[in-house]
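Colleague: Take this sequence and fold it.
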Amino acid sequence: MAMAANEIEALIRAALPDASVTVEDLAGDGDHYAASVVSESFRGISRVKQHQIVYAALRGRMGGELHALALQTSAPE
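Modeller: From the prediction side, this is the model:
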């Protein structure tokens, strides 16, 4: 079962309400996405921790409904 880009975006925004989120379906199959997430919450924490926060926002859907997510995260400039 695939996920829609707007569902991924909504889950991330629910966890990070201040975030600027862009989600792109890379293969048109609902399984392979790229996401850019910019949030003040990421300031001062490692890239690994930033990605862990985003994966946690997806509530266990990685590896199931969502096969692949290329992440780019940062704090606002």
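Colleague: in this structure, which spans are helices?
Modeller: 5-15, 47-57 (DSSP state H).
Colleague: any idea how far M62 is from A75?
Modeller: Remark: distance between A75 and M62 (C-beta to C-beta, to the nearest Å) = 23 Å. Placement of C-beta: from N, CA and C, glycine included.
Colleague: Kindly present the helices of the chain as JSON lines, with separate columns for mean neighbour count, distance to L69 and mean pLDDT.
Modeller: Converted to JSON lines, those look like this (neighbours: other C-beta atoms under 10 Å; distance: least, C-beta to C-beta, whole Å; pLDDT from 0 to 100):
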{"stretch": "helix 5-15", "mean neighbour count": "16", "distance to L69": "8", "mean pLDDT": "96"}
{"stretch": "helix 47-57", "mean neighbour count": "15", "distance to L69": "8", "mean pLDDT": "96"}
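Colleague: Same list (these) but as a markdown table, adding distance to D29.
Modeller: Below are the helices of the chain laid out as a markdown table (distance: least, C-beta to C-beta, whole Å):
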| stretch | distance to D29 |
| --- | --- |
| helix 5-15 | 12 |
| helix 47-57 | 20 |
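Colleague: between the ones you listed, which gets nearest to H67?
Modeller: helix 5-15 (12.1 Å; C-beta to C-beta).
Colleague: who does the closest one touch, helix- and strand-wise?
Modeller: strand 20-25, strand 32-38, helix 47-57 (3 or more C-beta pairs under 8 Å, 6 or more residues apart in numbering; DSSP states H and E).
Colleague: Neighbouring strands of the shortest one in the sheet, and parallel or not?
Modeller: Think strand 20-25. strand 32-38 (antiparallel) (DSSP bridges).
Colleague: May I see the buried residues of the strand it pairs with?
Modeller: By neighbour count on 16 or more other C-beta atoms under 10 Å, the buried set for strand 32-38 is 32-33, 35, 37-38.
Colleague: Tell me the one among these nearest to E9.
Modeller: Closest to E9, out of all of these and judged by C-beta to C-beta, is A35, at 7.9 Å.
Colleague: Now do the closest residue to that closest one other than its chain neighbours against G44, distance only.
Modeller: Closest residue to A35 apart from its sequence neighbours, by C-beta to C-beta, 6 or more residues apart in numbering: V23 at 4.8 Å. Distance, V23 to G44, using C-beta to C-beta: 25 Å.
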